[in-house]
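Q: Quick check, what structure comes out for this input:
(one chain, ligands or ions: 2)
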Amino acid sequence: TLSPLRPVLMAARDAGVGVGAFNVIQLEHAEALVRAAERTGLPVVLQISENAAKYHGALAPIALATHAVAAASDAICVLHLDHAESPPLVHEALELGFTSVMFDASKLPDDRNRAVTAEVARRCHDAGVSIEAELGEVGGKDGVHAPGARTDPAQAARFVADTGVDALAVAVGSSHAMTTRDATLDLELITRLRAAVDVPLVLHGSSGVPDAGLVDAVRSGMTKVNIATHLNTVFTGAVREYLDREPGVVDTRKYLGAARDAVEDETARLLQMLHDS
Ligand code: G3H
Ligand code: ZN
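A: Ligands and ions are numbered 1, 2, ... in the order given. All right, here's what the predicted structure looks like:
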């Protein structure tokens, strides 16, 4: 079942629990994530990034496949366009049945960023789709880690009021694409952001944060927790292990199936942990 992001996050925020958001690159990711949601009975956010669409050459094939997997399930699934920088891609996502988008115009001057984000938010809301934006850049996507970036609570509150977004990604010490889980989050800042901002907060770059740090982040007021690289580590590890064990295998279903199972198990564990925080 597909749901917009907003009601899923508002319910979680009211309950003081976290929601897992994971990136889909291959079809196997989508299948694993939805199976984990079914297994735990918890909602899941299936995210397709602008970069993943670039990898496939287009957004539609992976989006429509992921949409079909989600629609066929009883689990509550949000189909979310992640890190979109171009309004035309957002408009395409609305056509394709996405129920949520993250729009990032932070490369524009502040005034333009607010105006363009507010306009994209209006279009999304007209379509019944939720919108997430980011203030205070969480670095690392370009290979440059910036764990020092911080979002100011007063500015964040103003940005949400000016743009009408449903969720806000904030910089609190994490960095994208980390393959070690040793980042330290600014929990005191999360508490202040939670008090100042009246929409759910989103943690990006969560792969670099250890389990205990993610639990603390949710307890301090983080609602949506975005994890991508960590599941790729699990996926690739399972493929490598399978191929090492069975060097003669040629059927792709064998090792991709092993990877899908491993990602399902780890996603179920993370969904439950974030929910129980
Ligand atoms: O938007 C996606 C997330 O922020 C993922 O970051 O790959 O560092 O977990 P990550
Ligand atoms: Zn991110």
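Q: CA only for contacts and neighbour counts going forward, please
A: Noted.
Q: Make sure Val78 is indeed in a helix.
A: No - counting by DSSP: H, G, I helix; E, B strand; the rest coil, Val78 is not part of a helix but strand.
Q: What ranges does the stretch 151-277 of the chain have for its helices?
A: 153-163, 187-196, 211-220, 229-245, 252-275 (DSSP state H, counting those that start in this stretch).
Q: need the residues of this protein near ligand 1, please.
A: For the chain, the contact set with ligand 1 under C-alpha under 6 Å from any ligand atom comprises 82, 176-178, 204-207, 226-230.
Q: tell me the two of those residues that are most distant?
A: Spanning the widest gap among those are Asp82 and Met178, at 17.6 Å by C-alpha to C-alpha.
Q: Look at these two and report which has more neighbours.
A: Taking other C-alpha atoms under 10 Å, Asp82 and Met178 do not tie; Asp82 has more neighbours (25 against 21).
Q: Secondary structure of that one: a strand, I assume?
A: Yes - looking at Asp82 with three-state DSSP, it is inside a strand.
Q: So, low pLDDT: which residues of this structure?
A: 141-146 (pLDDT under 70).
Q: now the residue nearest to Met222 when sequence neighbours are not counted: how far from Gln47?
A: Nearest residue to Met222, sequence neighbours excluded (C-alpha to C-alpha, 6 or more residues apart in numbering): Leu201, at 5.2 Å. Leu201 is 16 Å from Gln47, where distance means C-alpha to C-alpha, to the nearest Å.
Q: again, but for Met10
A: 18 Å.
Q: out of these two, which sits in the more crowded spot?
A: Per other C-alpha under 10 Å, whichever of Met10 and Gln47 has more neighbours is Gln47, with 28 against 16.
Q: Please compute how far the stretch of helix or strand that one belongs to lies from its chain's middle.
A: Per DSSP states H and E: Gln47 is located in strand 44-49. In this view, strand 44-49 has its centroid 6 Å away from the chain centroid, taken as C-alpha atoms, centre = their mean, to the nearest Å.
Q: Likewise for stretch 102-110?
A: Counting by C-alpha atoms, centre = their mean, stretch 102-110 comes out at 17 Å from the chain centroid.
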